[in-house]
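Student: test case, fold it:
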Amino acid sequence: MTIRTLKLALTAVCMTIAPAVPAIAHDHAAPSAPSCDDAPMIGKFDPNRDLLIANYDSKPDVDDLQSVAGLGTMLADPAFACVRFIATAGAYGTQDGEFIPASKLFDLAFGKNWVDAHADRDAAVARLTKEARATLEAGGNVWITEAGQSDVSAAFIRGLPEEMWGNVHLVQHSDWNESTTSEVDIYFVRRKVRYHRISDGNFAGNGTPSFNTNDGSHWPALLGDPVIGPIWKEAKRLSDLHNPTAAYVNPAVSAGGLDFSDTVEPAYVFGYEGMAGVGDFVERFARRP
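Tutor: Got it, this is the predicted structure:
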């Protein structure tokens, strides 16, 4: 059993928030694991009750590929063993450009805990609605980190009873993401759920970490980590492959640096919004004893 598989197994056993919340499937079941019944808060997130839904558009910028690795890095840390989560690929809106498929990357980062809204949007929306409803019925909150547009989020939220909408939190950091969400859907999420608009993670000095840099000096620590290294290796392979021909050529990636700017949203949820940038993230999550 690999370390990553063991991490997923421990998470599966820990996910006992309430009997009404179905466990999200993982690859294997560990013979024993610590209880998550009294897990402490992680920033704004209650591991005993809450659910994280991490949406990625992956269209047309490769920053989402590295942002998937960013969240996968956080979730691989032992402190996050009791976090319930599900991720979405292809959660895009009205923008032009090509969708970048990355199923191996999503597998490495999230195990089986992800859905593909590009391949089957209806099935993805149905799964998200089911998972969210179970969490809300059990008294928890749903936190959506929107690494892209809000069209898929609006679709699954509409499938919930209206009285539950007030316990859905949506975190957004990008003007462009908002502008490429369909008009009816951006209007809906801004007014019907708890909408958290934070500053853009591409820039420093605005109250959120800047997870965007031309500096490539942090790559060795990420790639060399025995747990998260494979995730970052695949993210780098895909971003280097697709960036030169993408509808938006990411300058940080072109320079050999990093852009996982959408990771500022899980940083906000989990209480790491005080990080200065990529160096702080690597220091906290990539170093191993």
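
Student: next structured bit after the worst-scoring helix or strand of the chain on mean pLDDT?
Tutor: Within the chain, no helix or strand scores below helix 3-14, which has a mean of 42 by mean pLDDT, DSSP states H and E. Downstream of helix 3-14, the next assigned helix or strand under DSSP states H and E is strand 51-56.

Student: just checking, next helix/strand downstream of that next one?
Tutor: Heading C-terminal from strand 51-56 (DSSP H and E), you reach helix 63-76.

Student: hey, C-alpha coordinates of that next one in CSV?
Tutor: Extracted in CSV, the C-alpha atoms of helix 63-76 (Å, rounded to 0.1, in the frame of the first residue of the first chain):
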residue,chain,number,x,y,z
ASP,A,63,-3.2,27.3,-13.4
ASP,A,64,-6.0,24.9,-12.4
LEU,A,65,-3.7,22.0,-12.9
GLN,A,66,-1.2,23.3,-10.4
SER,A,67,-4.1,24.4,-8.1
VAL,A,68,-5.3,20.8,-8.0
ALA,A,69,-1.8,19.9,-6.8
GLY,A,70,-2.0,22.7,-4.3
LEU,A,71,-5.2,21.4,-2.7
GLY,A,72,-4.0,17.8,-3.0
THR,A,73,-0.9,18.8,-1.0
MET,A,74,-3.0,20.3,1.8
LEU,A,75,-5.3,17.2,2.0
ALA,A,76,-2.3,14.9,2.1
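
Student: give the rounded mean pLDDT of that helix.
Tutor: Here helix 63-76 scores 98 as its mean pLDDT.

Student: distance between it and the chain's centre?
Tutor: 7 Å (C-alpha atoms, centre = their mean, to the nearest Å).

Student: next, the angle from it to strand 51-56.
Tutor: 160 degrees (axes from the mean of the first three to the mean of the last three C-alpha atoms, to 10 degrees).

Student: would you map the helices across this structure?
Tutor: Counting by DSSP state H, the chain has helices at residues 3-14, 63-76, 103-110, 121-137, 151-158, 175-179, 183-192, 219-224, 229-242, 251-254, 264-270, 278-285.

Student: quick one: distance of the fourth one to the chain centre.
Tutor: With C-alpha atoms, centre = their mean as the basis, helix 121-137 stands 16 Å off its chain's centre.

Student: buried ones in that helix?
Tutor: Within helix 121-137, the residues scored as buried using 16 or more other C-beta atoms under 10 Å are 121, 124-125, 127-129, 131-136. Any C-beta I mention is one placed from the backbone N, CA and C, and that applies to glycine too.

Student: just put those in a markdown table and tack on pLDDT and distance to Q66.
Tutor: Listed next are the buried residues of helix 121-137 as a markdown table, based on pLDDT from 0 to 100; distance: C-beta to C-beta, whole Å:
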| residue | pLDDT | distance to Q66 |
| --- | --- | --- |
| R121 | 98 | 24 |
| A124 | 98 | 22 |
| V125 | 98 | 26 |
| R127 | 98 | 25 |
| L128 | 98 | 23 |
| T129 | 98 | 28 |
| E131 | 98 | 25 |
| A132 | 98 | 26 |
| R133 | 98 | 31 |
| A134 | 98 | 31 |
| T135 | 98 | 28 |
| L136 | 98 | 31 |
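
Student: got JSON lines for the residues you listed, with distance to N243 too?
Tutor: Below are those laid out as JSON lines (distance: C-beta to C-beta, whole Å):
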{"residue": "R121", "distance to N243": "26"}
{"residue": "A124", "distance to N243": "26"}
{"residue": "V125", "distance to N243": "29"}
{"residue": "R127", "distance to N243": "30"}
{"residue": "L128", "distance to N243": "29"}
{"residue": "T129", "distance to N243": "34"}
{"residue": "E131", "distance to N243": "32"}
{"residue": "A132", "distance to N243": "33"}
{"residue": "R133", "distance to N243": "38"}
{"residue": "A134", "distance to N243": "38"}
{"residue": "T135", "distance to N243": "36"}
{"residue": "L136", "distance to N243": "39"}
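
Student: closest one of those residues to C82?
Tutor: Nearest to C82 out of the buried residues of helix 121-137 is T135 (C-beta to C-beta; 13.8 Å).

Student: grab the nearest non-local neighbour of the closest one.
Tutor: L51 (4.1 Å; C-beta to C-beta, 6 or more residues apart in numbering).
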